[in-house]
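Peer 1: sequence first, predicted model second:
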Amino acid sequence: ACFRLRAAAGAAWSRVAAFFNREREPPQGCCCGATRRLVTHAAFDYAIIGLIVINTVLLCVDSPQASPELKLALEAANLFFTLAFTVEMVLKLAAFGVILYLREPMNVFDAVIVVASLLEVVVTYSAGANADSAVVRAAIGTSASADQAASSSGGVAIVFRVLRTVRVFKLARKWTALQRVIRQITGHVSSIAYLLLIMLLFVFIYGVAGKQLFGRGALEEAAALAMAAGDAGAVPAALSLSELRGNQYPRPNFDTLGDAMLTAFQVLTGDTWTTIFFNTLRLNATFGYVWFISWVLLGNFILLNLFVAILLEGIEQGDEDDDDDDD
């Protein structure tokens with residue numbers, strides 16, 4: 001059944017790909033031709049690039065401490081940029097048609113950004129969910145206070161606001177080197193996915209091992225055995241990482257499986273791993289050396305380097321393919 005389902009999905013995808021890859025002519029007519037000449041002109045591309053750069057600069061200006069007047073100006077600028085990019089999409093749809101427009105991956109990316117921006121505008125101004133727009137309404141006298149307006153902010157609108165930063169990737173349309181790198185990376189997604197799965201497996205293994213060696217349960221059992229044997233000197237000074245700082249619960253610990261996996265991943269990234277290392281040595285010195293040395297060697301020097309090697313191989317192979325196309 002699984003094989004038949006996969007075969008049916010493959011056949012459906014082949015039909016969809018054949019539909020989009022079929023030779024088509026762009027819409028005809030004086031208006032369509034004039035629109036096509038407009039959107040393919042170099043000045044049009046440079047104008048869009050200028051809007052993207054200005055939009056990026058204005059995103060850097062925004063801050064929670066901004067005055068209501070500045071927030072009002074930034075909201076107005078966001079509406080302007082949303083309208084401008086929407087007009088760009090509509091013009092290209094009129095010039096090339098829906099099928100030819102969606103055949104270009106960068107056009108699909110632009111369409112997703114435009115749709116997300118329009119959804120942000122709808123969510124923000126229909127329910128008053130965005131904190132900045134609420135503060136602006138308070139500033140112009142349509143709300144009781146700025147604090148009450150800010151408290152009405154919704155998480156959905158904030159998520160859409162974050163998507164504004166993605167507009168900077170529209171520069172990839174004219175940045176051919178960036179296009180090539182993105183294409184080469186996406187071409188090796190399957191290899192990267194398998195490597196990420198292997199990395200997740202090792203994080204799980206070392207997380208479970210860390211929980212058994214440095215977690216509260218294992219250390220309490222070791223302390224109980226040491227006390228039963230009359231060897232009070234073998235009892236750890238602290239029963240877990242959460243007690244090493246006077247019961248100030250630190251983020252890196254091995255008391256639960258989730259925390260242990262997160263701590264193992266933190267060690268993999270090299271973020272303050274030495275602090276975790278010396279703290280765990282106070283809990284279990286013998287196996288602490290084995291756990292950390294093996295994980296650093298395997299994770300940092302093998303798995304991460306394999307990840308980089310796959311990316312470099314993809315970039316090198318892409319450069320060779322580009323050279324063959326040029327020849």
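Peer 2: Arrived safely.

Peer 1: so where's the stretch 1-150 of the chain uncertain?
Peer 2: 1-7, 9-11, 13-27, 29-30, 127-150 (pLDDT under 70).

Peer 1: all strands of it, in order?
Peer 2: With DSSP state E, counting those that start in this stretch as the criterion, the stretch 1-150 of the chain has no strands.

Peer 1: now the helices for it?
Peer 2: Using DSSP state H, counting those that start in this stretch, the helices of the stretch 1-150 of the chain run over 2-21, 30-39, 42-61, 68-103, 105-127, 131-139, 146-151.

Peer 1: format those as TSV; extra columns: mean neighbour count and distance to Ile315.
Peer 2: Quick note: C-beta positions are derived from backbone N, CA and C, even for glycine. Compiled in TSV, these are given as follows (neighbours: other C-beta atoms under 10 Å; distance: least, C-beta to C-beta, whole Å):
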stretch	mean neighbour count	distance to Ile315
helix 2-21	9	26
helix 30-39	14	31
helix 42-61	14	25
helix 68-103	16	25
helix 105-127	16	18
helix 131-139	21	40
helix 146-151	15	46
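
Peer 1: assign a three-state SS to Val208, would you?
Peer 2: Local secondary structure at Val208 is given as helix here, using DSSP: H, G, I helix; E, B strand; the rest coil.

Peer 1: adding distance to Arg180, write the helices of the stretch 1-150 of the chain out as TSV.
Peer 2: Compiled in TSV, the helices of the stretch 1-150 of the chain are given as follows (distance: least, C-beta to C-beta, whole Å):
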stretch	distance to Arg180
helix 2-21	22
helix 30-39	23
helix 42-61	18
helix 68-103	19
helix 105-127	13
helix 131-139	37
helix 146-151	44
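
Peer 1: closest one to Gln317 among those?
Peer 2: Comparison of these against Gln317 by C-beta to C-beta identifies helix 105-127 as nearest, at 19.3 Å.

Peer 1: tell me what angle the closest one forms with helix 68-103.
Peer 2: Here helix 105-127 points in a direction 140 degrees away from that of helix 68-103 (axes from the mean of the first three to the mean of the last three C-alpha atoms, to 10 degrees).

Peer 1: any idea of the angle helix 105-127 forms with helix 42-61?
Peer 2: Taking the same axes, to 10 degrees, helix 105-127 and helix 42-61 form an angle of 50 degrees between their directions.

Peer 1: Phe169 versus the spatially closest residue to Ala172 that is not a sequence neighbour, what's the distance?
Peer 2: Residue nearest to Ala172 in three dimensions, not counting chain neighbours: Leu178, with 4.6 Å by C-beta to C-beta, 6 or more residues apart in numbering. As defined by C-beta to C-beta, to the nearest Å, Leu178 lies at a distance of 8 Å from Phe169.

Peer 1: next one: Ile198
Peer 2: 29 Å.

Peer 1: with neighbour numbers in mind, choose between these two.
Peer 2: With other C-beta atoms under 10 Å as the criterion, Ile198 and Phe169 differ in neighbour count, and Phe169 comes out ahead with 16 against 13.

Peer 1: the more buried one against Asp110, yeah?
Peer 2: No: shown here, Phe169 and Asp110 do not form a contact pair, counting by C-beta atoms under 8 Å, at 9.5 Å.

Peer 1: need the contact partners of stretch 289-306.
Peer 2: Contacts with stretch 289-306, where a contact means C-beta atoms under 8 Å, 6 or more residues apart in numbering, come from 195, 198-199, 202, 206, 209-210, 213-214, 264, 267-268, 270, 273, 277, 280-281.

Peer 1: filter those residues down to the buried ones.
Peer 2: Buried members of the contacts of stretch 289-306, scored by 16 or more other C-beta atoms under 10 Å, are 195, 199, 202, 206, 209-210, 213-214, 264, 267-268, 273, 277, 280.

Peer 1: got those as a markdown table, with distance to Ile310 and pLDDT columns?
Peer 2: Compiled in a markdown table, the buried ones among the contacts of stretch 289-306 are given as follows (distance: C-beta to C-beta, whole Å; pLDDT from 0 to 100):
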| residue | distance to Ile310 | pLDDT |
| --- | --- | --- |
| Leu195 | 6 | 83 |
| Met199 | 12 | 89 |
| Phe202 | 16 | 93 |
| Tyr206 | 22 | 93 |
| Ala209 | 27 | 91 |
| Gly210 | 27 | 88 |
| Leu213 | 32 | 85 |
| Phe214 | 32 | 82 |
| Ala264 | 22 | 91 |
| Val267 | 22 | 90 |
| Leu268 | 17 | 89 |
| Trp273 | 24 | 84 |
| Phe277 | 29 | 86 |
| Thr280 | 31 | 78 |
